[in-house]
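> Prediction below, plus the sequence it came from.
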Amino acid sequence: MTLIGMLHHRRDPKTVIKSYAYAAVAQAEGLKFFYFSPGTVNFVNRSIRGQVYENGSWQERVMPFPDVIYNAGSPEKLAKSKPIIEKLKKEIPFTTNSIGNKWNINERLKEAKEFSNYLIPSEVVKNVETFFKFVASFHKVVFKPIDGRKGKGIYFISSVKNGYEVRKDSNNEFYSKQQLIEFLEEKLSTGTFIIQPYIQSVTKSGHVYDFRLHVQKNGEGKWVITTIFPRIAPKGSIIPNINNGGYTNYLDPFLQQEFKKEAFNIKRMLEHFSLSLANHLDNIQMVKYGEVIDEIGIDIGLDEHLKIWIYEVNWRPGCPPAFYLELDVVIHTIQYAKFIAENQAKIKREIGTLKRKNIEKKGKIPIIAITGSAGKTTSKAFLASILSKKWNVFESKDYWNTTEHTKKHADEINDTHEAVVLEYGMAYPGVIKEHCSIIQPTLSIVTNIGLAHVGNFDSDIKGVAHAKSELIHGMDQEGVLVLNKDDENSKYLETEQFKGKIMTVGIKSSANYRAYDVKYKENGMSFKMKLQRQEIELFIPILGEHHVYNALNAIAIADYLGFTPMEIKAGLIFKKPPRRLTIYNCRDNITVIDDTVHSHPQGVRAALDVLSNIGKHRTIAIIGQMRELGNLREEEYRKVGEYVHEKNIDILITYGFRTEEIGAQAKVKGFPPKNIYHFIQKEELHELLDKIVKKNDTILVKGASKTNMFDTVKYLDDTFKE
């Protein structure tokens with residue numbers, strides 16, 4: 001006769017009401033049953049001092065090790081007994097095992113891919129800046145503790161005019177930005193919080209609702225639906241959890257009332273989803289840990305398109321008494337415990353088969369290489385950020401784009417990586433060809449063809465395009481190539497022989513991925529586009545229209561690889577590469593724009609666009625030397641001078657060899673001579689800044705790393721520090 005041991009963190013079964021039901025059902029099923037806690041286990045004589053339910057009361061008995069253990073205690077409270085539990089697991093099968101907190105489950109589902117499209121993008125809120133970037137993109141968000149239970153500690157925060165609305169349960173409060181910062185800092189000091197877009201399901205009468213999907217394994221070891229039911233929030237509240245005043249309803253009448261003709265199809269969809277996800281999570285547990293699970297509760301919502309979104313997955317879910325389902329839950333559990341005890345060899349074979357299939361399933365991973373005269377690093381950062389929403393991504397370090405770097409990357413990429421994102425830089429012919437011989441890309445992006453390094457190609461832009469085309473020739477010839485439709489010089493790229501798929505991005509031209517309604521926002525850009533047959537609004541936390549192109553490059557690849565608009569939107573909230581249009585807010589409302597990594601004519605004009613757009617009062621442009629322009633230097637410097645005048649910049653300061661040509665041309669076009677300065681010594685430049693910088697000024701510092709223009713950024717930040 002099978003002996004079942006019920007493991008719980010409490011010593012006294014009388015304090016665990018459900019223990020009576022388990023003891024009674026076990027007896028009805030013809031099984032032996034006892035209750036125990038970790039401290040009563042004796043490994044020397046393989047016995048447990050347990051509690052047996054006899055004649056209406058619990059009696060202490062010394063019991064042999066059971067055939068199976070029903071793991072019923074709280075994982076947190078059992079943690080102190082972990083050594084005992086781990087030792088028990090080596091000798092006795094457990095009916096189930098913890099699948100972790102909300103964040104762990106999300107990470108597992110992302111990694112396994114199949115159900116990741118149903119996940120609401122989530123971020124751990126590491127600091128206040130992370131929070132505000134997320135709100136800028138999604139406008140309405142959920143802010144909640146990572147280990148929260150029963151709907152406790154959940155805040156719904158919306159961006160509204162002149163501030164933020166913070167809602168908890170049915171209480172609403174208006175916060176200024178400073179008040180919200182203080183609120184967030186106080187919460188973050190108490191524990192770990194996550195943030196998600198707020199996706200709401202609402203009944204016809206205006207009540208917020210969700211669905212609880214409760215699934216278990218039965219006596220044959222198969223997943224079955226215990227129940228599916230809607231939970232409805234009380235009027236004025238947006239949390240349908242029972243512990244927060246929410247109430248339940250029966251599924252069929254609710255679906256009939258809300259969805260009419262679609263009711264039957266939605267019910268079947270929920271049933272299929274319940275069992276599919278349960279099997280999927282069980283398979284993950286078996287492959288990853290060699291363990292099984294037996295019961296989960298899944299909370300989901302339906303958006304306006306009737307798409308399912310997973311709110312959270314709970315291990316050991318509660319069952320509402322209103323449905324009289326407690327006995328059904330217990331019967332499934334006891335019958336499954338018997339199955340586990342009698343079928344260990346079969347379960348172990350199944351685990352072994354799943355692990356082998358998982359190894360075989362790992363095929364060729366996407367390898368994405370990015371080249372171009374500008375935007376490589378930012379495009380790479382956007383793309384890696386999006387892909388990491390689901391995958392373990394190998395991303396090259398910022399500016400690590402030489403062939404020596406690529407050789408190092410080839411040694412570092414391993415079987416754990418599910419995608420690779422690399423920059424391929426070049427200054428001379430043959431360099432990109434060498435990159436491709438070391439790591440051949442399956443997908444490629446050419447951001448644009450500009451004047452960077454043009455002096456190394458006899459000052460001929462076609463020579464630059466020919467060298468960049470080495471990526472097209474060296475990649476997988478049936479792969480995917482992304483090109484910039486708005487870039488005039490990209491027409492020189494050699495695509496005629498390429499047999500793969502070519503996708504285009506653009507703002508001004510019709511393209512496969514086209515952005516429109518591009519706007520400057522606080523610390524970023526917003527734009528709209530059509531993606532997967534719907535119009536979506538996106539936000540990137542970096543200034544400049546040129547960075548919208550970089551985002552489009554990443555969106556094109558991510559969309560091709562099957563990422564959802566929601567995942568793409570969340571991924572665009574990326575970690576910005578350093579010194580790329582970084583904003584320093586100094587005292588007296590002085591703003592410093594740091595763009596001191598690379599400098600070429602295209603990048604200078606893009607930076608001037610940013611200065612012109614965000615400078616609300618007086619604007620100052622400090623422009624450093626541009627290298628490797630060859631015979632085009634004088635012509636391109638003149639064009640920059642004309643652009644400074646065209647953008648109505650107030651003060652122009654140039655630094656470095658021959659950069660006075662920029663100011664000379666600006667003067668020819670009508671720029672006031674008294675507002676033009678030129679230096680070849682940084683100390684003299686800094687002395688001028690001491691004299692001329694005033695309250696409300698916006699100052700752009702643009703230059704390449706080799707000219708050390710960051711010294712000027714640091715000087716301004718130190719001098720005008722708040």
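All right, it came through fine.
> Below-threshold pLDDT in the stretch 301-450 of the chain: ranges please.
318-326, 359-363 (pLDDT under 70).
> in the protein, what secondary structure element scores lowest on mean pLDDT?
One helix or strand of the chain scores below all others by mean pLDDT, DSSP states H and E: helix 102-112, with a mean of 73.
> So which other helices or strands are in contact with that one?
helix 263-289, strand 308-315 (3 or more C-beta pairs under 8 Å, 6 or more residues apart in numbering; DSSP states H and E). The C-beta positions use only the backbone N, C-alpha and C, and glycine is treated the same way.
> List the buried residues for the longest one?
Read it as helix 263-289. Buried residues in helix 263-289, counted by 16 or more other C-beta atoms under 10 Å: 263, 266-267, 270, 273-274, 277-278, 281-287.
> which of the residues in stretch 342-353 are buried?
347, 351.
> and it, how far from the chain's centre?
Distance, stretch centre to chain centre, for stretch 342-353: 36 Å (C-alpha atoms, centre = their mean, to the nearest Å).
> Check the average confidence over stretch 578-597, would you?
Here stretch 578-597 scores 90 as its mean pLDDT.
> what about that stretch, start to end distance?
With C-alpha to C-alpha, to the nearest Å applied, stretch 578-597 spans 8 Å between its terminal residues.
> Mind giving me the packing neighbours of the host helix or strand of residue 254?
Assigned by DSSP states H and E, residue 254 falls within helix 251-259. Packing partners of helix 251-259 (3+ C-beta pairs under 8 Å, 6+ apart): strand 223-232, helix 263-289.
> what would the ones you listed look like in TSV with distance to residue 22?
Listed next are the helices and strands packed on helix 251-259 as TSV, based on distance: least, C-beta to C-beta, whole Å:
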stretch	distance to residue 22
strand 223-232	15
helix 263-289	21
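> After the least confident helix or strand of the chain, heading C-terminal, what element do we hit next?
That would be, after helix 102-112 and using DSSP H and E, strand 123-124.
> Just the buried positions in the very next helix or strand once past that next one, please.
Remark: after strand 123-124, the chain's next helix or strand is helix 128-138, criterion DSSP H and E. Residues of helix 128-138 classed as buried by neighbour count (16+ other C-beta under 10 Å): 128, 130-138.
> can you put these in JSON lines and add distance to residue 93 and pLDDT?
What follows is those, written out as JSON lines (distance: C-beta to C-beta, whole Å; pLDDT from 0 to 100):
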{"residue": "128", "distance to residue 93": "47", "pLDDT": "92"}
{"residue": "130", "distance to residue 93": "42", "pLDDT": "88"}
{"residue": "131", "distance to residue 93": "44", "pLDDT": "92"}
{"residue": "132", "distance to residue 93": "49", "pLDDT": "92"}
{"residue": "133", "distance to residue 93": "46", "pLDDT": "89"}
{"residue": "134", "distance to residue 93": "43", "pLDDT": "92"}
{"residue": "135", "distance to residue 93": "47", "pLDDT": "92"}
{"residue": "136", "distance to residue 93": "50", "pLDDT": "91"}
{"residue": "137", "distance to residue 93": "46", "pLDDT": "91"}
{"residue": "138", "distance to residue 93": "44", "pLDDT": "92"}
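> tell me which of those residues is nearest to residue 430?
Nearest to residue 430 among the buried residues of helix 128-138: residue 133, at 40.6 Å, using C-beta to C-beta.
> In contact with the closest one, which residues?
524, 541, 573 (C-beta atoms under 8 Å, 6 or more residues apart in numbering).
> could those be laid out in CSV, adding distance to residue 718 and pLDDT?
Below are the contacts of residue 133 laid out as CSV (distance: C-beta to C-beta, whole Å; pLDDT from 0 to 100):
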residue, distance to residue 718, pLDDT
524, 26, 91
541, 25, 92
573, 30, 91
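> Just the closest of those to residue 352, please.
So of the contacts of residue 133, ranked by how close each gets to residue 352 (C-beta to C-beta), first place is residue 573, at 40.9 Å.
> And the closest one, how far from residue 436?
Residue 573 sits 32 Å away from residue 436, taking C-beta to C-beta, to the nearest Å as the criterion.
> Between those two, which is the more surrounded one?
Neighbour totals were compared for residue 573 and residue 436, and residue 573 leads with 24 against 20 (other C-beta atoms under 10 Å).
> Walk me through the domains of this protein.
For the chain, automatic domain parsing gives the domain ranges 3-91, 102-120+202-359, 123-197, 367-571, 582-719.
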